[in-house]
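Undergrad: A structural model of the following input is requested.
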Amino acid sequence: MNWQHFRALIWLRGRLFRNRMRRAGKLNAVMTQILKVVALIASVGLFFTALGLGVWLLPKAPADRLPEVMLYLWTGVTVSFLFFWMMGVMTELQRSEVLSIEKLFHFPISPSSAFLINYLSSLVSLALILFFPAMIGLAIASVIALGPWMLVSVPLLIAFLLMVTAITYQFRGWLATLMVNKRRRRTIMACLTGSIILISQLPNLINLTYQSSRHRQEGDRNTEIHDSLQAEQRAIKQLQADLDSKKITPQQSQQRLAAILETQRINTEADAEMRRQRDNRKLEAAFKQVKRWVAIADLALPPGWLAYGVYGAVEHQVWPALAGTLLLCAIAGASLRRSYRTTVRFYLGDFRSDQSMAAPPRGAVPVAPRQIDRQIAAPPTGVQAAELPQAGMVGRSLPWVPDQAAATGLATLRSLLRAPEVKMMLLTPLILGGVIMASRLAGRGGTPVPPAFRPMIALGIVVTVVVSLSQLVQNQFGFDRSAFRIFVLSPAPRRQILLGKNLALAPIVAGAGALFLGILEFVLPLRPTDLLATLVELLTAYLIVCLVGNQMSILLPSAIRQGSMRSSETKVVRVLARFLAMLGMLVAFVPLVIPIGVGYLVEQFSWGKWIPTYLILSLLVALTTLFVYRIVLDYQGGLLQRRELRILEAVTTKDD
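TA: Here you go, the predicted model:
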């Protein structure tokens, strides 16, 4: 690439950006220019702020603590930069090539030139604009305040940024090869969204852990103070008793009381001093432990080599910074080389979504007509039978379930498991439930939950699991879209279609319920009879949700947009109807509370503790619900047959 080619590509890149801004409207162009000016001012301001604060504060740090301060400072800056950098990467998950290399193949420009321009264009990001000047200012301030040994931090910082941007560019290219498949693209987006949700909950978990630890320490201190006050009160009572019995005179009583108070004051001051020394020792040990783990993490992870190199430079050891610079540059070079090869292969068609033509077809073997007739007439045996394609998940049968219902249930389950938006809907309650359980584990030293109230917590988990699927259950045919024609043309009884739709949700409900109840059993163990009763309540809640969901799916069907859980229709009447259905479902859960209440009342008697009232009543409620389910399912099957054409019109997209 010569200078003219480079200038042409830079001009083309700027022209494409201006055209995109012009198409977005004048207001967007004005706002973009304002943001550019604000980012430039902020970048310059952060540079001088970091430079001034570094020159002013670094010399004031204690000499024995200076290496630790620099280690913590640069580790914090590195983690903050990586966090904001990754947030920007997740919000811009698209092909990193700004200039299409495929179109540049027709010009006398090498692909490496366009690749270089695209890589340099990827460096223009808000995180880099804000953090890079501040980090450069901090590095220069370290050189001014701490001496020429800190000069090694400047090339180390540049190598660090080169490594991060190179690996990010390679990551974008790898995602582009995966996202050629649209279903896989939606799956990746769902997983990244779940990761963002999980990362956003980490500060909450850390805060809960810290708060629980502090509450335990405060509880221990309150216990010690309470014991001391109790001892003082007992001594005063004994003194008053001796005075009343005339064993001592009032003067002796006053002297002994003054001695008791003085002893209490001395003990309180001594305890406070011991507690202060103990806290200082704990804090010192905690700082040493944190320093050890931070140093190990910085040494083990390549992004931490920047902080570890600066830490070594403060102690007049330049070899960690020099080694880190060389290794970071080597990683960046390897990433860019790999990314370039992946980019070229991508545009040559090695990662296309349809791989049916990727491999050349095998040579056709001529077969005589008589041989074909013999192969058709003779049944396959032995190895030939083993090579025949086996029935997949949809072709299996279920015990005690009619074939039409089994086929419908397995096909629906397969479709749900392949839909990325459904995976995201199922992943969200799992993440939130895990966060809740982790917070409970973090605060296990708090007030214990009595065994009598633990079944209520288990029932709350059961209701939460089934209600989290209400969006999926109340519009079962909306996910079928055009495939609902299969049910319309099928001779299967409509009752079995609804049964199959409900059976498709059974593994999901059972898996989520078993997971959460298992965690609850680990955190707050239930009695065996209460655990069995809770599992029965899960079955009852599942049947109630299926009944309500079948009715809403038949009466208010709507198409679901591709790649999301949003309905194509947002009429106020439908939203209000679904809200009322949710309230009706919660009202239908009232019978689930009756066995717990009756069991608690029976246990108040001495003979009631030996009778598993909760389990017996739960079985009765489950059998009653199952009987009602069988009766109502026949009615809903007839209603589905009468309204199936309206449902088909509602769930079928317009482009069909």
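
Undergrad: any idea of the pLDDT on L348?
TA: Among the per-residue scores, L348 holds a pLDDT of 68.

Undergrad: Check what pLDDT V435 gets.
TA: In this model, V435 is scored at 60, pLDDT.

Undergrad: again, but for V572
TA: pLDDT recorded at V572 is 59.

Undergrad: cool, and S397?
TA: 77.

Undergrad: separation between it and F484?
TA: As judged by C-beta to C-beta, to the nearest Å, S397 and F484 stand 23 Å apart. To be clear about C-beta, it is placed using only N, CA and C from the backbone, and glycine gets the same treatment.

Undergrad: of those two, who's got more company?
TA: Taking other C-beta atoms under 10 Å, S397 and F484 do not tie; F484 has more neighbours (22 against 11).

Undergrad: who's in contact with the more buried one?
TA: 477, 647-648, 651-652 (C-beta atoms under 8 Å, 6 or more residues apart in numbering).

Undergrad: so which helix or strand takes in it?
TA: Under the criterion of DSSP states H and E, F484 resides in helix 484-489.

Undergrad: Any buried residues in the helix or strand following that helix, and which?
TA: Sequence order places helix 494-523 as the next helix or strand after helix 484-489, per DSSP H and E. Buried positions in helix 494-523, judged by neighbour count with 16 or more other C-beta atoms under 10 Å: 494-505, 508-509, 512-513, 515-517, 519-520.

Undergrad: which intervals of the stretch 51-200 of the chain have sub-threshold pLDDT?
TA: Residue ranges of the stretch 51-200 of the chain with pLDDT under 70: 90-109, 175-200.

Undergrad: And the helices in the stretch 351-500 of the chain?
TA: With DSSP state H, counting those that start in this stretch, the ranges of helices along the stretch 351-500 of the chain come out as 369-377, 383-387, 403-418, 420-442, 454-467, 470-473, 484-489, 494-523.

Undergrad: Which elements pack onto the last one?
TA: The criterion is 3 or more C-beta pairs under 8 Å, 6 or more residues apart in numbering; DSSP states H and E, and the helices and strands that helix 494-523 contacts are helix 403-418, helix 420-442, helix 454-467, helix 528-555, helix 613-651.

Undergrad: could you dump the ones you listed to TSV with distance to P320 and mean neighbour count?
TA: TSV is the format used below for these (distance: least, C-beta to C-beta, whole Å; neighbours: other C-beta atoms under 10 Å):
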stretch	distance to P320	mean neighbour count
helix 403-418	49	19
helix 420-442	36	17
helix 454-467	50	20
helix 528-555	55	22
helix 613-651	63	16
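
Undergrad: Could you tell me the least trusted of these?
TA: Ranked by mean pLDDT, the helices and strands packed on helix 494-523 end with helix 420-442 at the bottom, a mean of 62.

Undergrad: mind listing what the spatially closest residue to E521 that is not a sequence neighbour touches?
TA: The shortest distance from E521 to any non-neighbouring residue, by C-beta to C-beta, 6 or more residues apart in numbering, is to L531 (6.7 Å). By C-beta under 8 Å, 6+ apart, the residues touching L531 are 458, 517, 521.

Undergrad: What distance do you get for the second one to L535?
TA: Distance of L517 to L535, given as C-beta to C-beta: 7 Å.

Undergrad: now swap in the first one and tell me
TA: As judged by C-beta to C-beta, A458 and L535 stand 9 Å apart.

Undergrad: any common contacting residues for these two?
TA: Between them, A458 and L535 share the contacting residues L517, judged by C-beta under 8 Å, 6+ apart.

Undergrad: Could I get the phi/psi values of V318?
TA: phi -90, psi -10 (degrees, to the nearest 10).

Undergrad: ok, now which ones touch it?
TA: Residues near V318 by C-beta under 8 Å, 6+ apart: 149, 152, 312.

Undergrad: go with 7 Å
TA: Neighbour list for V318: 149, 152 [criterion: C-beta atoms under 7 Å, 6 or more residues apart in numbering].

Undergrad: pLDDT score for it?
TA: So, for V318, pLDDT stands at 87.

Undergrad: same question, the one 4 residues further on
TA: Looking at L322, its pLDDT is 91.

Undergrad: for I248, phi and psi?
TA: Dihedral angles (degrees, to the nearest 10) for I248: phi -130, psi 160.

Undergrad: Give me the nearest residue to it, chain neighbours excluded.
TA: D242 (5.0 Å).

Undergrad: Please report the distance of that neighbour from Q230.
TA: For D242, the distance to Q230 - C-beta to C-beta - is 19 Å.

Undergrad: ok, now how distant is G584 from G549?
TA: The value you get for G584 to G549, if C-beta to C-beta is used, is 11 Å.

Undergrad: coming back round to it: next secondary structure after whichever strand or helix holds the residue nearest to I248?
TA: Here D242, judged by DSSP H and E, is contained in helix 182-244. Counting by DSSP H and E, the next helix or strand C-terminal to helix 182-244 is helix 250-300.
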